[in-house]
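Novice: the sequence and its predicted three-dimensional model are supplied below.
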Amino acid sequence: MEAEESVAMAGVAMGHVNTGPAPLWPTFLVGQDDKPVRVILIDDDAHMQRVVAQELMADSRTLLVGQAAGVKDGRRLIKQHEFDVMLVDVNLNDGQGYTLIEFMKFQRPSAEAIMFSVMESDEQVLRAFEVGATGYLVKHSWFGSYPQAVLQVANGGAYITPHLARRLIQKFDARKASPSHVEEHVTSESRLLSEREKEVLRMVANGYTSAEIAVRLEISTMTVNSHIKNIYRKLHVRTRAQAVQFASLRRLF
């Protein structure tokens, strides 16, 4: 209750105005006026915490339900609040955000996690995805949008910055140019997924939600989610981001 009150008071103090959802926001997507995506925010940088909170509270599709500054308070926040997405910094005043993502996945497996940091090293990004994050943002980036990231992962997608996407493309191009890529393509790994599963995974990699994939492939959302579960099982991964990363590195689609 105290956390919720502090969030509300902070919103008033900073003069936040709820500007409402973006135009043409489809009703079939998660994040509507009457049922916004619930978010908890964990960052030990007080200024950055206010900035992110302001963005989230200015969008009626997202609802900030609690804030914390460290691992200890973050654990309590995860236990006490019902939420859909956690935004967490890499480095906190009493530990690292990775441990909170792992804790969240154990306590609330249906929730999504987005990690953010002042840096964007490949090592940090990969570790974030390995522990279960479905998004990675860079602080102070002109291209970062916290509400958009929250909405994207809440609707079954993944969120990465344009710079990170560019680096992944460059790595993909480098592998494609390598003489060994033809041999890699015909390994048994490339036959792990069916053609339909590869098609679904390509759409997941492009940021489409399960509902959008269902519309494009003219199948039910339940069937799409079934394909995604099969992809997880075959690739031995737990999240969409991990599946996309695994498949990209091994050229499975």
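Specialist: On my side now, so go ahead. Numbering: from 1, shown residues only.
Novice: CA only for contacts and neighbour counts going forward, please
Specialist: Noted.
Novice: mind giving me the domain split of the protein?
Specialist: Split into domains by automatic domain parsing, the chain comes to 2-161, 178-249.
Novice: among these, which comes closest to residue 169?
Specialist: With distances scored as CA to CA, the stretch of the domains of the chain nearest to residue 169 is domain 178-249 (9.4 Å).
Novice: pLDDT of the closest one, averaged?
Specialist: What domain 178-249 shows for mean pLDDT is 78.
Novice: repeat for stretch 138-146
Specialist: 80.
Novice: flag every buried residue along it.
Specialist: By 16 or more other CA atoms under 10 Å, the buried positions in stretch 138-146 come out as 138, 139, 144, 145, 146.
Novice: for stretch 125-139, same thing?
Specialist: Across stretch 125-139, burial judged by 16+ other CA under 10 Å covers 125, 128-139.
Novice: now swap in stretch 102-112 and tell me
Specialist: Buried, per 16+ other CA under 10 Å, within stretch 102-112: 102, 103, 104, 105, 108, 111, 112.
Novice: what distance separates stretch 116-129 from the centre of its chain?
Specialist: Distance, stretch centre to chain centre, for stretch 116-129: 13 Å (CA atoms, centre = their mean, to the nearest Å).
Novice: what sits up against it?
Specialist: 87-91, 98, 115, 135-140, 164, 241-242 (CA atoms under 8 Å, 6 or more residues apart in numbering).
Novice: Throw the buried residues of stretch 125-139 into JSON lines and include secondary structure, thanks.
Specialist: JSON lines is the format used below for the buried residues of stretch 125-139 (DSSP: H, G, I helix; E, B strand; the rest coil):
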{"residue": "125", "secondary structure": "helix"}
{"residue": "128", "secondary structure": "helix"}
{"residue": "129", "secondary structure": "helix"}
{"residue": "130", "secondary structure": "helix"}
{"residue": "131", "secondary structure": "coil"}
{"residue": "132", "secondary structure": "coil"}
{"residue": "133", "secondary structure": "coil"}
{"residue": "134", "secondary structure": "coil"}
{"residue": "135", "secondary structure": "strand"}
{"residue": "136", "secondary structure": "strand"}
{"residue": "137", "secondary structure": "strand"}
{"residue": "138", "secondary structure": "strand"}
{"residue": "139", "secondary structure": "coil"}
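Novice: just how off-centre is stretch 29-43 within its chain?
Specialist: Distance of stretch 29-43 from its chain centroid, counting by CA atoms, centre = their mean, is 13 Å.
Novice: next: stretch 146-163.
Specialist: 5 Å.
Novice: repeat for stretch 208-221
Specialist: Distance of stretch 208-221 from its chain centroid, counting by CA atoms, centre = their mean, is 19 Å.
Novice: quick one: end-to-end length of it, please.
Specialist: 12 Å (CA to CA, to the nearest Å).
Novice: repeat that for stretch 27-34.
Specialist: 11 Å.
Novice: ok so, going back, which among the buried residues of stretch 125-139 gets closest to residue 69?
Specialist: Comparing these against residue 69 with CA to CA places residue 139 closest, at 15.9 Å.
Novice: Provide a list of residues in contact with the closest one.
Specialist: Contacts here follow CA under 8 Å, 6+ apart; on that basis residue 139 touches 116, 117, 118, 119.
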